[in-house]
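*Asks:* Build me a model:
(chains A and B)
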Amino acid sequence: MRLATWNVNSLKMRLPRLLPWLAEKQPDVLLLQETKLADAAIPTAEIKEAGYEVATHGEGRWNGVAILSKIGIEDVVRGFDSEPGFPDPEARAISATCGGIRVWSVYVPNGREPDSPHYGYKLDWLAALRDALATDLTAGSGQSEPAGRATGRPVVVAGDFNVAPTDGDVWDPKAFVGSTHVTAPERDALARILAAGFTDVIPTPMKGPHPFTYWDYRAGMFHMNKGMRIDLVYVSAGVTVESAYIDREARKGKGPSDHAPVVVELS
DNA sequence: ATGTCGTGGACGCCACGA
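*Replies:* Here you go, the predicted structure:
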């Protein structure tokens, strides 16, 4: 299975980039974030024409996640149990079974500033996501969640986590002192998700040593390769990763997203 | 260079989020 994740920063504006990309890369499953579209506004005809079914969880102006698949989409769940809100739950998670794998597309809250209420929301959201994923791992396996690593059905959770897992995942750690995305509590939240039974798939950057997936639009950051790895792919036991890369070509040219897709070959 | 995008409201720019 070829699976990709891509924060498109408006599906409406990105459609002229997305459709040719789908035709070229032919992922079996594509996880989208920041669609910024209500479900009724999703361009389903164009997506279907490209050969994909689509399941969406959107709210209009901000957020919005989706799953595109050409190998089926079953048992779609929008959001998750005990999902925190700000103050109400937002459209930040959708999961479904595609080709025998439970896939999640997630858009983790940004956090804004460490002293912002949004930062606490981000940490709460990640903790609740961990619990929902732990439940999902054991679902259907006939076992309760063990104290250590859960073992159950194959699960892939991917998307914009808005956390750089290590200092090597930002272009200059000194530039991020006092900022979100790099704090210990955020990184601990990722570690707790991994400890529930996942492995972080680190993709090949294709150019340069850093597997960055996001570059700010401003100040020529992409040109200078001043980026961050915040779009992550976590796979459970039972999912074998054959290869993974960041399609930085999709960050180039006219009208790109500020995020590049991550493409993973699974078996 | 807080430098660019995308959104919707009330526009023809602004406030907000990222």
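*Asks:* contacts and neighbour counts: CA atoms only from here.
*Replies:* Will do.
*Asks:* Contact residues of chain A facing DNA strand B?
*Replies:* Within reach of DNA strand B by CA under 7 Å from any atom of the strand, chain A has these residues: A:9-14, A:36-37, A:60-62, A:109-112, A:216-220, A:255-257.
*Asks:* Narrow these to those in helices?
*Replies:* Of these, the ones assigned to helices by DSSP state H are A:Leu11, A:Lys12, A:Met13, A:Arg14.
*Asks:* Which member of the residues you listed is positioned nearest A:Gly120?
*Replies:* Distance ranking of these against A:Gly120, using CA to CA, places A:Leu11 first at 28.0 Å.
*Asks:* from what I can see the closest one touches A:Thr35, true?
*Replies:* Yes: in this structure, A:Leu11 is within contact of A:Thr35 by CA atoms under 8 Å, at 4.6 Å.
*Asks:* okay, these two: which has more neighbours?
*Replies:* Between A:Leu11 and A:Thr35, counting by other CA atoms under 10 Å, A:Thr35 is the more crowded of the two (29 against 24).
*Asks:* Can you read off the pLDDT for the more buried one?
*Replies:* pLDDT for A:Thr35: 97.
*Asks:* ok, now A:Ser144?
*Replies:* For A:Ser144, the predicted pLDDT is 55.
*Asks:* Check A:Ala147 too.
*Replies:* Confidence score, pLDDT, at A:Ala147: 52.
*Asks:* just A:Ala139 next, same as before
*Replies:* For A:Ala139, the model assigns a pLDDT of 84.
*Asks:* contacting residues around whichever residue of the stretch 51-200 of chain A sits closest to DNA strand B?
*Replies:* Ranked by CA to the nearest atom of the strand, the top residue of the stretch 51-200 of chain A for proximity to DNA strand B is A:Arg61, at 4.1 Å. A:Arg61 sits next to A:Lys36, A:Leu37, A:Ala38 when contact means CA atoms under 8 Å, 6 or more residues apart in numbering.
*Asks:* give me that answer again for 7 Å
*Replies:* With contact set as CA atoms under 7 Å, 6 or more residues apart in numbering, A:Arg61 has these partners: A:Lys36, A:Leu37.
*Asks:* What of A:Asn110?
*Replies:* A:Lys122, A:Asn162.
*Asks:* what's the pLDDT at the closest residue to A:Tyr214 other than its chain neighbours?
*Replies:* Counting by CA to CA, 6 or more residues apart in numbering, A:Tyr214 lies nearest to A:His259, which is 4.4 Å off, once chain neighbours are set aside. Predicted confidence (pLDDT) for A:His259: 98.
*Asks:* Below-threshold pLDDT in the stretch 1-150 of chain A: ranges please.
*Replies:* A:140-150 (pLDDT under 70).
*Asks:* do that again at 50, thanks
*Replies:* A:150 (pLDDT under 50).
*Asks:* all helices of it, in order?
*Replies:* Along the stretch 1-150 of chain A, counting by DSSP state H, counting those that start in this stretch, helices occupy A:11-25, A:44-49, A:117-138.
*Asks:* just these: most buried one?
*Replies:* Among the helices of the stretch 1-150 of chain A, judged by mean count of other CA atoms under 10 Å, the one packed with the most neighbours on average is helix A:117-138 (a mean of 20).
*Asks:* Which neighbouring elements make contact with that one?
*Replies:* helix A:184-195 (3 or more CA pairs under 7 Å, 6 or more residues apart in numbering; DSSP states H and E).
*Asks:* quick one: contacts of the helix it packs on?
*Replies:* A:Leu123, A:Leu126, A:Ala127, A:Arg130, A:Arg149, A:Val163, A:Pro165.
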